[in-house]
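# No letters, just coordinates:
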């Protein structure tokens, strides 16, 4: 029997926590559910789950702060849950290192689909077929853009010879850009390729991840093309 995917779920509302845990378990997930951020952090450190679902507004240690603590220790995928599609909640969660977010109230099937989409991305850290093709023509699986080097075999990035720590989502985003340097990629296209959205998604997810990626590889490396999207400078 295949090993179950372990989900850490932090939610202070008893009804939502219990109902969601049951729904996830019916879909085959193993779930550790915690009512507050501090117990959630303890459970994360003890159990090392495969993915974390964090409600933004939980007592003790709020979801955004908990996400930061998790991201300091791990690249495990994180999905934030928010009762509002509020820009501040969304952006703060993404800037803290979350990979995606879901607005409450949510449909259980939608939540499971988003979880599986994130897990697929993390299970296949390599990016697009275009990136793989570009790597194969390079001979050593290394792409170079100025002082930026991307080892597509080892999934490592160096800037001026120094290693750059990227989350798997940031790595996939960089691979999409590096597969077609100088080509403008729309936010919708990036949502489809990187976040595996077969449906419309919130482009703020893309914008915040591009911002985080710029901070790590150089602010001027990725150019904004107003009204169209982003491109990696060749």
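Perfect, I can see it now. Keep in mind that this is a model prediction, so the values were computed, not measured.

# any weak-confidence spans in this structure?
1-2, 84-87, 124-140, 198-201 (pLDDT under 70).

# show me what contacts the spatially most central residue of the chain?
Taking Cα atoms, centre = their mean, the centroid of the chain lies closest to residue 99, which sits 2.3 Å from it. Going by Cβ atoms under 8 Å, 6 or more residues apart in numbering, residue 99 touches 77-79, 118, 121, 167-169. From N, CA and C alone the C-beta is placed, and that goes for glycine too.

# among those, who's most crowded?
Using other Cβ atoms under 10 Å as the neighbour criterion, residue 78 leads those with 28 neighbours.

# residue contacts, that one?
51-52, 54, 67, 70-71, 97-99.

# Go through those and flag which are in helices.
Residues of the contacts of residue 78 located in helices (DSSP state H): 67, 70-71.

# Now, the contacts of residue 99 that are in strands?
Members of the contacts of residue 99 lying in strands (criterion: DSSP state E): 78-79.

# Which strands or helices does the helix ranked longest in the chain pack on?
Looking across the chain with DSSP H, the single longest helix is helix 108-123. Under the contact criterion of 3 or more Cβ pairs under 8 Å, 6 or more residues apart in numbering; DSSP states H and E, helix 108-123 touches helix 14-26, strand 51-55, strand 78-82, strand 100-103, helix 168-179.

# care to break the chain down by domain?
Domain assignment for the chain by automatic domain parsing gives 6-123, 129-232.

# and the last one, how far from the chain's centre?
I take that to be domain 129-232. 13 Å (Cα atoms, centre = their mean, to the nearest Å).
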